[in-house]
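J.: Predicted model and sequence follow; I will ask about them next.
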Amino acid sequence: MTTFPSARPQPACFPAPLNRRLVLLTYECLCTFEFGTAVEAFGRADDVTGAPLYELCVAAAEERAFAAQGGVRVMVDGGLEQLAGAGTIVIPGWRSIHDTPPAPLIAALQQAHRAGSRIVAICAGSFVLAAAGLLDGKRATAHWNSTEVLAQRFPRVQVEHGMIYVDEGSIITSAGGAAGVDLCLYLIRRDYGIDVANRAAQRMVTPPLREGSQPQFVQQPVAKSPKTLAPLLDDLRSHLNTPRVIEQLAARAGMSRRTFLRRFQDATGTTPGEWMLKVRLERACALLEGSGLSIDRVAEQAGFGSAGALRHHFRQQLGTTPTGWRRQFHARSAVA
């Protein structure tokens, strides 16, 4: 598992969100995977500080007793009144994209958002936010097999068909399945910084950040080769400034060039060049978030060679600048 290299040996000094109260919504035929993902990410204490990241509360969207998928019965802390005063509200999926959310739920979400609550939707939860009008004029995403329906049914929503998750500030949406994990870790990173997010990712045995589109992960084949490239990949991560030639890498792996490229694709879902770019971007992001290094020094240590190359790849891959990234994720540490 790849984690972002931290530029600081000590735990992050990011303050907790101003409002740590996080309400997790439940409903009839609850999507248990999305619900469990949110509980695991937001309901646990940090492994170093021992302090809970959020004050987790579970609320029911409907008054009647209900069951989750798989026959699981759910006990909650209360009903929609729990949404009042929440810092964050999480909608873990929805029972069907064709099922209109009940009017009381829509009204409660609208009121909570007006009051300043941040609302997070995983997978089909985006349809609930769209029905409430909270996605009008905003970018949003959902599971890859339902984004076309979302766009057709809610034309005022700017649907991103390939994104893993979309952050619009007070509204955040994600695709389905594992993209919900990505969204939860992103939120922790946004609230607490890179070190805490890394520890949460390690506990959940998942990468703290994935870059790419939904189709990339849907189509990515499962590795079939018994021969591991892990030692080579670890070495590449540790020497980002060293020029690499495919033939040399293949020789180190004991393979022909053609076999090496095929095995690399199987193991990582991409080419060596694209993989190295991703790792360098991860390193640059970590340095921007966790250090006061100049942009030139960040570019050097991340293996880009020059600040110009760093800026080019940030604009192309992340849609921002290194300075913009630092402003977004590093600003809170200056407050601590």
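T.: Okay, I see it.

J.: For the rest of this, base every contact and every neighbour count on C-alpha atoms.
T.: Noted.

J.: for residue 100, helix, strand, or coil?
T.: Classification of residue 100 using DSSP: H, G, I helix; E, B strand; the rest coil returns coil.

J.: From what I see, it and residue 131 are in contact.
T.: Yes. Taking C-alpha atoms under 8 Å as the definition, residue 100 is a contact partner of residue 131 at 7.5 Å.

J.: Provide a list of residue ranges in the stretch 51-200 of the chain with pLDDT below threshold.
T.: 64-65 (pLDDT under 70).

J.: Tell me where it has strands.
T.: Ranges of strands in the stretch 51-200 of the chain, per DSSP state E, counting those that start in this stretch, are 55-60, 88-92, 118-122, 139-140, 158-159, 165-167, 171-174.

J.: Quick check: which of these is nearest to residue 306?
T.: strand 165-167 (29.3 Å; C-alpha to C-alpha).

J.: by contact count, what packs against that closest one?
T.: On a contact count with 3 or more C-alpha pairs under 8 Å, 6 or more residues apart in numbering; DSSP states H and E, strand 165-167 meets strand 139-140, strand 171-174, helix 178-192.

J.: Sort out which residues of the longest one are buried, please.
T.: Neighbour-count burial for helix 178-192, counted by 16 or more other C-alpha atoms under 10 Å, picks out 178-192.

J.: ok, of those, which one's closest to residue 122?
T.: Residue 122 has its nearest neighbour among the buried residues of helix 178-192 in residue 180, at 5.5 Å by C-alpha to C-alpha.

J.: The closest one contacts residue 126, doesn't it?
T.: No. In this structure, residue 180 is not within contact of residue 126 by C-alpha under 8 Å, at 11.9 Å.

J.: Now do the shared contacts for the two.
T.: residue 174 (C-alpha atoms under 8 Å, 6 or more residues apart in numbering).

J.: What about residue 59, how many residues nearby?
T.: Residues within reach of residue 59, counting by other C-alpha atoms under 10 Å, total 21.

J.: Also residue 19?
T.: Count around residue 19 with other C-alpha under 10 Å applied: 14.

J.: which SS state does it fall under?
T.: coil.

J.: dump the residue contacts of it.
T.: Per C-alpha under 8 Å, 6+ apart, neighbours of residue 19: 86-88.

J.: So what does it have for phi and psi?
T.: phi -120, psi 100 (degrees, to the nearest 10).

J.: And the pLDDT at residue 14?
T.: In this model, residue 14 is scored at 45, pLDDT.

J.: now the one 5 residues further on
T.: Looking at residue 19, its pLDDT stands at 91.

J.: just residue 301 next, same as before
T.: pLDDT, read off for residue 301, is 90.

J.: Hmm, residue 241 and it touching each other?
T.: Yes. Assessed by C-alpha under 8 Å, residue 301 is found in contact with residue 241 at 7.2 Å.

J.: These two: which is more packed in?
T.: Neighbour totals were compared for residue 301 and residue 241, and residue 301 leads with 19 against 16 (other C-alpha under 10 Å).

J.: To residue 36, which of the strands of the stretch 51-200 of the chain lies closest?
T.: Of all the strands of the stretch 51-200 of the chain, strand 88-92 comes closest under C-alpha to C-alpha, at 8.7 Å.

J.: Dump the strands of the stretch 51-200 of the chain into JSON lines; add distance to residue 21 as well.
T.: Output for these, formatted as JSON lines (distance: least, C-alpha to C-alpha, whole Å):
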{"stretch": "strand 55-60", "distance to residue 21": "5"}
{"stretch": "strand 88-92", "distance to residue 21": "7"}
{"stretch": "strand 118-122", "distance to residue 21": "11"}
{"stretch": "strand 139-140", "distance to residue 21": "24"}
{"stretch": "strand 158-159", "distance to residue 21": "29"}
{"stretch": "strand 165-167", "distance to residue 21": "20"}
{"stretch": "strand 171-174", "distance to residue 21": "16"}
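
J.: so which of the ones you listed comes closest to residue 234?
T.: strand 165-167 (27.6 Å).

J.: contacting residues around that closest one?
T.: In this structure, residues lying in contact with strand 165-167 by C-alpha under 8 Å, 6+ apart are 139-141, 160, 172-175, 179, 182-183.

J.: Walk me through which strands that strand pairs with, and which way each runs.
T.: Paired neighbours of strand 165-167 in the sheet (DSSP bridges): strand 171-174 (antiparallel).

J.: so how far is stretch 77-90 from its chain's centroid?
T.: Relative to its chain's centre, stretch 77-90 lies at 22 Å (C-alpha atoms, centre = their mean, to the nearest Å).

J.: and for that stretch, what are the contacting residues?
T.: 18-25, 38, 57-63, 105, 108-109, 112, 115-122.
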